[in-house]
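**Student:** Turn this into a structure:
(one chain, ligands or ions: 1)
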Amino acid sequence: MLFTDLNLISPILKALEKEGYESPTPIQEKAIPHILQWRDVLGSAQTGTGKTAAFAIPTLQILSREREVSNMPRTIKSLILTPTRELAIQIEESFTAYGKNLGLRHAVVFWWVSQYSQTEKLRKWIDILVATPGRLLDLMNQWFVNLKHVEIFILDEADRMLDMWFINDVKKVLTKLPVKKQTLFFSATMPKEILGLANSILVNPIKIEVAPVSSTANTIKQSVYFVRKNDKRELLADLLKSPEIASALVFTRTKHGANRVVENLEKAWIVAEAIHGNKSQNARQRALSNFKTKQTRVLVATDIAARWIDIDDLSHVINYDIPNESETYVHRIWRTWRAGLSGTAISFCDQDEIGYLQDIQKLISKKIDVVEDHDFAMKMPQNPTSTGSKNQVSSSSKKHTSKPKIHNSNPKNQTSRSTQESKKSFPPKKNFSEHRKRKLWFGGR
Ligand code: AMP
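**Tutor:** This next block holds a predicted model:
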């Protein structure tokens with residue numbers, strides 16, 4: 001399917017062409033025709049599926065058509081609520097890009113910037129307002145915003161609103177909206193409270209769910225490096241020497257871990273910045289902007305911080321730490337996937353993370369290729385409780401004919417003794433090359 005099959009007006013088609021979009025993503029294909037028919041939508045989709053365009057394009061088209069035939073005073077006709085400042089900025093950027101030939105006006109409001117700059121915009125006419133809930137309520141209480149004429153209400157990332165305790169603010173905003181309106185409701189997950197909210201505001205909605213994330217993960221080139229925890233930083237610096245890695249989003253489990261990775265990369269003269277909850281909004285925004293404009297090649301993030309960022313042209317995701325929840329792995333590597341383009345995801349797996357890796361492989365129904373030929377390869381100890389084929393990880397190397405075996409135990413259950421043993425069996429680094437010649441990989445003794 002092409003965008004031209006979706007009955008879109010030519011100013012929008014031209015803008016999409018300028019953006020380089022050739023065909024709609026699944027959620028766009030499913031949602032746009034219904035939204036153009038003024039249907040309510042309940043969309044279950046993650047960031048990275050093209051959901052912003054799925055709601056922005058038809059919203060722009062509806063409002064632009066309306067303006068052609070109506071003399072109504074120009075007031076806010078569409079409100080988009082989103083949980084974070086980063087998302088709010090990205091959504092407004094999308095409205096700017098797709099609506100560049102339409103002459104509709106939009107504004108974005110969120111905390112942490114001077115109120116004056118935002119209210120100045122609101123004093124003029126605005127067709128579309130993108131907002132975070134708290135700031136919007138604050139401005140409404142000061143009579144800067146009137147939502148009485150909203151026709152299209154979009155709630156983005158509803159489950160994040162719940163996680164971040166914004167759901168009551170959302171409910172307050174809802175009381176200020178007209179009863180008769182079109183509502184588009186998007187959430188990555190549908191916990192009970194979110195479904196309850198959706199049921200209370202949607203009228204006969206079209207339900208749209210994009211393909212389960214785990215299957216999409218298979219379009220991404222994935223590999224794993226087995227490495228000792230203490231060698232991860234050197235392995236990362238080593239990999240980043242390759243010009244093939246044009247941009248990398250590196251994931252760590254903790255905020256301190258992210259800072260440490262940045263410090264170590266800086267020692268290796270690699271420009272990197274961290275983005276996580278301990279950084280101020282301004283620092284996060286600056287790091288993101290530097291990364292997007294390619295001034296920084298490496299962005300190190302925790303999962304929570306990364307959920308809010310949307311980056312085009314990301315060539316590599318590197319899992320410095322393997323996440324303990326398999327779904328998180330899929331969300332992370334999705335970052336390299338942009339509307340069908342396939343990126344590369346590399347994971348570093350230490351002794352304690354093997355159980356997590358196995359869970360991930362089960363979720364994505366795929367064995368991740370093992371890269372053996374690197375300077376920090378780790379020999380895995382044989383696990384006496386190993387149960388054979390279940391514990392195998394495929395290898396991309398041609399050096400070894402037999403499939404290597406990996407430790408099967410859940411890291412949480414590993415005894416300190418087994419850890420001690422595994423440490424003993426690791427080669428000291430100085431002997432590494434020789435050891436590699438002796439076929440390092442699991443079972444390749
Ligand atoms: P979103 O899920 O809205 O965060 O979008 C993810 C990314 O996909 C954004 O960077 C968009 O610019 C990009 N994108 C959205 N729709 C398309 C499309 N049809 N073709 C190519 N890229 C797209």
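
**Student:** What lies in contact with the host helix or strand of R260?
**Tutor:** Counting by DSSP states H and E, the element that carries R260 is helix 255-267. The set of residues external to helix 255-267 that reach it, using CB atoms under 8 Å, 6 or more residues apart in numbering, is 233, 236-237, 240, 250, 252, 271-278, 298, 300-302, 320-321. C-beta: built from backbone N, CA, C; applies to glycine.

**Student:** Mind doing that once more with 10 Å?
**Tutor:** Contact partners of helix 255-267, identified using CB atoms under 10 Å, 6 or more residues apart in numbering, comprise 232-234, 236-237, 240, 250-252, 254, 270-279, 287, 296-302, 304-305, 318, 320-321.

**Student:** For that helix, buried residues please.
**Tutor:** K255, G257, A258, N259, R260, V261, V262, N264, L265 (16 or more other CB atoms under 10 Å).

**Student:** ok, which stretches of this structure are strands?
**Tutor:** Per DSSP state E, the chain carries strands over the ranges 41-44, 78-81, 106-109, 128-131, 152-155, 182-187, 206-209, 221-226, 248-251, 272-275, 298-301, 316-319, 344-349, 369-370.

**Student:** Any chance of a markdown table for those, columns mean neighbour count and distance to the ligand?
**Tutor:** Shown next, in a markdown table, are the strands of the chain (neighbours: other CB atoms under 10 Å; distance: least, CB to the nearest ligand atom, whole Å):
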| stretch | mean neighbour count | distance to the ligand |
| --- | --- | --- |
| strand 41-44 | 23 | 11 |
| strand 78-81 | 25 | 12 |
| strand 106-109 | 23 | 15 |
| strand 128-131 | 25 | 13 |
| strand 152-155 | 23 | 12 |
| strand 182-187 | 24 | 10 |
| strand 206-209 | 16 | 13 |
| strand 221-226 | 22 | 18 |
| strand 248-251 | 26 | 13 |
| strand 272-275 | 25 | 17 |
| strand 298-301 | 26 | 15 |
| strand 316-319 | 26 | 14 |
| strand 344-349 | 24 | 17 |
| strand 369-370 | 19 | 26 |
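
**Student:** TSV please, covering the ones you listed and showing mean pLDDT and distance to R332.
**Tutor:** As requested, these are exported to TSV (pLDDT from 0 to 100; distance: least, CB to CB, whole Å):
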stretch	mean pLDDT	distance to R332
strand 41-44	92	19
strand 78-81	98	26
strand 106-109	94	27
strand 128-131	97	26
strand 152-155	97	25
strand 182-187	95	19
strand 206-209	90	21
strand 221-226	94	11
strand 248-251	95	5
strand 272-275	93	14
strand 298-301	94	9
strand 316-319	94	6
strand 344-349	95	7
strand 369-370	94	17
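
**Student:** Dump those strands into CSV; add distance to H331 as well.
**Tutor:** Shown next, in CSV, are the strands of the chain (distance: least, CB to CB, whole Å):
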stretch, distance to H331
strand 41-44, 14
strand 78-81, 22
strand 106-109, 25
strand 128-131, 23
strand 152-155, 20
strand 182-187, 14
strand 206-209, 16
strand 221-226, 14
strand 248-251, 10
strand 272-275, 16
strand 298-301, 12
strand 316-319, 10
strand 344-349, 11
strand 369-370, 21
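
**Student:** low-confidence ranges in this protein?
**Tutor:** Applying pLDDT under 70 to the chain flags residues 163, 211-218, 307-310, 312, 337-342, 380-445.

**Student:** In it, where's the longest helix?
**Tutor:** helix 51-69 (DSSP state H).

**Student:** Go through that helix and flag the buried ones.
**Tutor:** 51-64, 67.

**Student:** what's the closest of these to E22?
**Tutor:** A53 (12.7 Å; CB to CB).

**Student:** still on that earlier bit, would you mind getting the angle between the longest helix of the chain and strand 182-187?
**Tutor:** 170 degrees (axes from the mean of the first three to the mean of the last three CA atoms, to 10 degrees).

**Student:** Check the burial of W165 by counting its neighbours.
**Tutor:** If you count neighbours by other CB atoms under 10 Å, W165 ends up with 9.

**Student:** List the contacts of it.
**Tutor:** Contact partners of W165, counting by CB under 10 Å, 6+ apart, are G134.

**Student:** N168 versus W112, what's the distance?
**Tutor:** Distance, W112 to N168, using CB to CB, to the nearest Å: 21 Å.

**Student:** same check, this time on L184
**Tutor:** Taken as CB to CB, the span from L184 to N168 is 21 Å.

**Student:** now E266
**Tutor:** E266 is 42 Å from N168, by CB to CB.

**Student:** same thing with I201?
**Tutor:** Taken as CB to CB, the span from I201 to N168 is 15 Å.

**Student:** In terms of neighbours, single out the busier of these two.
**Tutor:** I201 (19 against 11).

**Student:** Spatially, which residue comes closest to that one, not counting chain neighbours?
**Tutor:** T183 (5.5 Å; CB to CB, 6 or more residues apart in numbering).

**Student:** what sits against the one you found?
**Tutor:** With the criterion set at CB under 10 Å, 6+ apart, T183 makes contact with 39-42, 150, 152-155, 174, 177, 198, 201-203, 205.

**Student:** Which member of the residues you listed is positioned nearest I311?
**Tutor:** Of all those, I154 has the smallest distance to I311: 22.1 Å, by CB to CB.
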